[in-house]
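Asker: just a sequence and a predicted model for now, questions to come.
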Amino acid sequence: MNLFQDIRILVTNQLEAMVEAGQLPSGLAMTNVTVEPPRDAAHGDMATNAAMVLAKPAGLKPRDIAQALAGRLQEDPRISRAEVAGPGFLNLTLAPDVWTALVAGILADEGYGRSKMGQGQKVNVEFVSANPTGPLHVGHTRGAVFGDTLAALLEYSGHDVTREYYINDGGAQVDVLARSVYERYREALGFVPEIAEGLYPGDYLVPIGQALADEIGNKWLDQPEAVWLAELRAYSTDAMMVLIREDLAAIGIKMDLFFSEKSLYGTGLIESAIEDLRAKDLIYKGTLEPPKGKMPDDWEPREQTLFRSTAHGDDVDRPIQKSDGGWTYFAPDIAYHFDKINRGFDQLIDVLGADHSGYVKRMKAAVSALSAGTVPLDIKLTQLVRLFKNGQPFKMSKRAGNFVTLRDVVDQVGADVARFVMLTRKNDAPLDFDFDKVLEQSRENPVFYVQYAHARLRSVQRKAAEVGVDAPSAPLLTDAAEFALAKKLAEWPRLVEIAARLHEPHRVAFYLYELASDFHALWHAGNENAQLRFLQEGDAKATAAKIALPSAAGVVLSAGLGILGVTPAEEMR
């Protein structure tokens, strides 16, 4: 059930009737005809741009089309008024019965808002993908919540989603990890660790070093690096991935797949991807221009193996093989995405930190080339999180050494609060996370405000049950505040599809705050007007009718919080 979609169908049907009647020429495309909430609620319940988008191709004045369409729409019992505004917009006011039927429909359909828009398309959402060298920090937390919520939103809108983590275990940073763990291993055996510059200093490596000492004793003590490095790389990576999985679980995230970068090396996967590009004449030997701006002192033009990424929208071609024959960091990334394409995904989404902005065009070019333009790649960048506590920047974590961990955040405010707050800004905008404010019980705290709305409506349902009203009956809407809440509920299916199409899960959080605001407004109206109270004292029949609207709001609030990965509050303490 999607009221906006229903009214759009009504509009397009009437436009087609106008074509048949000779009021409009044939062959008009209706694709860009929309029905959406008006900018000003005083103008009506919905607005359509039909006359504006069809005027030019029809060769007619927008107002003439709008007036003819208005007359036809008003013949439908769902439309109480259709008014032409400005140059040709058409504002629609719906009959009161429409809103009553909407509330009843939501109560009859707990899946209200779910969409088949995705049509089962296979979507890979890769997110977090932090180097396995330490616990997840607050920056990873934002990307983790964004990616997991986007995946849930896409599932809710009919997509077949795989959540994936790319383990960066093929680079030099894993050597640094192994060397850092080796010092903690020495420490466990009673020696002072030598945490040289460049090693990872965090205390989180202490138990890993102790576990290694318990397992092998002094087997590697005083042994040269060549003896233990390769084995300790694998041991340390596995131990860190256990910690990272625990971090993800702490904030309610379960990955479907962990893909190892290391599995790309020595298996022919990188070579296969490069050969695919070579067969398309996209690999060549060449010399790149020097970097833009100041010429580096050590710049020497040299021939390299390049990917012709400019053929697929990039600014410059990109090196994929070094002069010594080794692969650049870009080559395994190409191979990894080639593997995703070969696994049959219809769409790829990568969630990365803002510091990866230079990665976007080259990776999109690679996926475009590898898939012959058939598999879109959307790269979503998440901006920094600025932490505050007691009015001051909050930066240090003794356990991690130099950053605030995901666990620090979850331990202080809880997973539900952490998840919701991470979605209170669009992903590409910086986010301020104030530990004090996110726990305030006020309207200024969106987490509390939305949870309080759900807790209030659950309280209404419990109190109704206490007086023998276990379920709502046919809704009874009489006041502007009641209609405002019903109209906000009507926007839910439309909001889901827009947020899913644009890959913007923050829209769900914003919508829930607005819905909570309309619910609280109705609650307060009941304090002033007894007829608007959900619980009508001594009148079970009226109570059953009045609790229909908050019960419908509960369906949507619960669904929205479910997408965000936030547990709806049953009561507020």
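Answerer: Sure thing, it's come through. Residues are numbered from 1 along each chain as shown.
Asker: how about Glu83, secondary structure?
Answerer: Three states are possible here, and by DSSP: H, G, I helix; E, B strand; the rest coil the one that applies to Glu83 is strand.
Asker: can you offset everything so residue one is 17?
Answerer: Noted, 17 is the first residue going forward, which turns the last one into Glu99.
Asker: nearest residue to it in space, please, no chain neighbours.
Answerer: In space, Glu99 comes closest to Asn107 once its chain neighbours are excluded; the distance is 4.9 Å by Cβ to Cβ, 6 or more residues apart in numbering. The C-beta positions use only the backbone N, C-alpha and C, and glycine is treated the same way.
Asker: whichever strand or helix holds the one you found: what's the following helix or strand?
Answerer: Taking DSSP states H and E as the criterion, Asn107 maps to strand 105-110. Next along the chain after strand 105-110, taking DSSP H and E as the criterion, comes helix 112-124.
Asker: buried residues in that following helix, which are they?
Answerer: For helix 112-124, a neighbour-count test (16 or more other Cβ atoms under 10 Å) marks Val114, Trp115, Thr116, Ala117, Leu118, Val119, Ala120, Ile122, Leu123 as buried.
Asker: what average pLDDT does stretch 172-190 get?
Answerer: Computed over stretch 172-190, the mean pLDDT rounds to 95.
Asker: on that earlier part again, bridged to the residue nearest to Glu99, which residues?
Answerer: In this structure, Asn107 has the following beta-bridge partners (DSSP bridges): Ala63, Glu99.
Asker: I'd guessed it sits against Ala98; true?
Answerer: Yes. Under the contact definition of Cβ atoms under 8 Å, Asn107 touches Ala98, with a separation of 7.3 Å.
Asker: which other residues reach the strand holding Asn107?
Answerer: Residues lying outside strand 105-110 but in contact with it, judged by Cβ atoms under 8 Å, 6 or more residues apart in numbering, are 23, 51, 54, 59-68, 82, 85-86, 89, 94-101.
Asker: Ser276: how many residues sit nearby?
Answerer: Here the count is done by other Cβ atoms under 10 Å, and Ser276 has 17 residues near it.
Asker: that one against Tyr181, yeah?
Answerer: No. Contact status for Ser276 versus Tyr181: not in contact, 9.9 Å apart, counting by Cβ under 8 Å.
Asker: outside of the helix or strand bottoming out on mean pLDDT in the chain itself, list whatever touches it.
Answerer: The weakest-scoring helix or strand in the chain, judged by mean pLDDT, DSSP states H and E, is strand 408-409 (a mean of 86). With Cβ under 8 Å, 6+ apart as the test, strand 408-409 has contacts from Arg402, Leu403.
Asker: parallel or antiparallel, list what pairs with that strand.
Answerer: If you go by DSSP bridges, strand 408-409 pairs up with strand 401-405 (antiparallel).
Asker: now the strand it pairs with, how far from the centre of its chain.
Answerer: Between the centre of strand 401-405 and the centre of its chain there are 21 Å (Cα atoms, centre = their mean, to the nearest Å).
Asker: could you pull up the mean pLDDT of it?
Answerer: When the per-residue pLDDT values of strand 401-405 are averaged, the result is 90.
Asker: alpha carbons of it, as PDB, please.
Answerer: Provided in PDB are the C-alpha atoms of strand 401-405 (Å, rounded to 0.1, in the frame of the first residue of the first chain):
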ATOM      1  CA  VAL A 401      33.200  12.100  13.500                       C
ATOM      2  CA  ARG A 402      34.100  14.800  16.000                       C
ATOM      3  CA  LEU A 403      33.700  13.600  19.600                       C
ATOM      4  CA  PHE A 404      32.900  15.800  22.500                       C
ATOM      5  CA  LYS A 405      32.500  15.200  26.300                       C
END
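Asker: buried residues, that strand. List them.
Answerer: Counting neighbours by 16+ other Cβ under 10 Å, the buried set in strand 401-405 is Val401, Leu403.
Asker: equivalent analysis for stretch 79-95, please.
Answerer: Going through stretch 79-95 with 16+ other Cβ under 10 Å, the ones that come out buried are Arg79, Ile81, Ala82, Gln83, Ala84, Leu85, Ala86, Arg88, Leu89, Asp92, Ile95.
Asker: export these to CSV and append columns for secondary structure.
Answerer: As requested, those are exported to CSV (three-state DSSP):
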residue, secondary structure
Arg79, helix
Ile81, helix
Ala82, helix
Gln83, helix
Ala84, helix
Leu85, helix
Ala86, helix
Arg88, helix
Leu89, helix
Asp92, coil
Ile95, strand
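Asker: how is the protein divided into domains?
Answerer: Using automatic domain parsing, the domains assigned to the chain come out as 19-110, 188-266, 462-580.
Asker: returning to that earlier point: can you dump the C-alpha atoms of the strand holding Asn107 in PDB for me?
Answerer: Once side chains and other backbone atoms are set aside, the C-alpha atoms of strand 105-110 remain, and they are given as PDB (Å, rounded to 0.1, in the frame of the first residue of the first chain):
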ATOM      1  CA  PHE A 105       1.400  23.000 -10.400                       C
ATOM      2  CA  LEU A 106      -1.600  21.200  -9.200                       C
ATOM      3  CA  ASN A 107      -2.300  20.900  -5.400                       C
ATOM      4  CA  LEU A 108      -4.600  18.000  -4.300                       C
ATOM      5  CA  THR A 109      -6.500  17.700  -1.100                       C
ATOM      6  CA  LEU A 110      -7.700  14.200  -0.300                       C
END
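Asker: how close does Asp373 get to Gly163?
Answerer: For the record, residue 373 is Ser, not Asp. 17 Å (Cβ to Cβ, to the nearest Å).
Asker: quick one: which of these two has more around it?
Answerer: Set side by side, Ser373 and Gly163 give different neighbour counts by other Cβ under 10 Å, the larger being at Gly163 (28 against 12).
Asker: grab the nearest non-local neighbour of the more buried one.
Answerer: In space, Gly163 comes closest to Phe143 once its chain neighbours are excluded; the distance is 2.5 Å by Cβ to Cβ, 6+ apart.
Asker: and what of Gln428?
Answerer: The shortest distance from Gln428 to any residue other than its chain neighbours is 5.7 Å, reached at Phe451 (Cβ to Cβ, 6+ apart).
Asker: count the neighbours of the one you found for me.
Answerer: Residues lying near Phe451 (other Cβ under 10 Å) number 17.
Asker: any idea how far it is from Leu364?
Answerer: When distance is defined by Cβ to Cβ, Phe451 is 35 Å away from Leu364.
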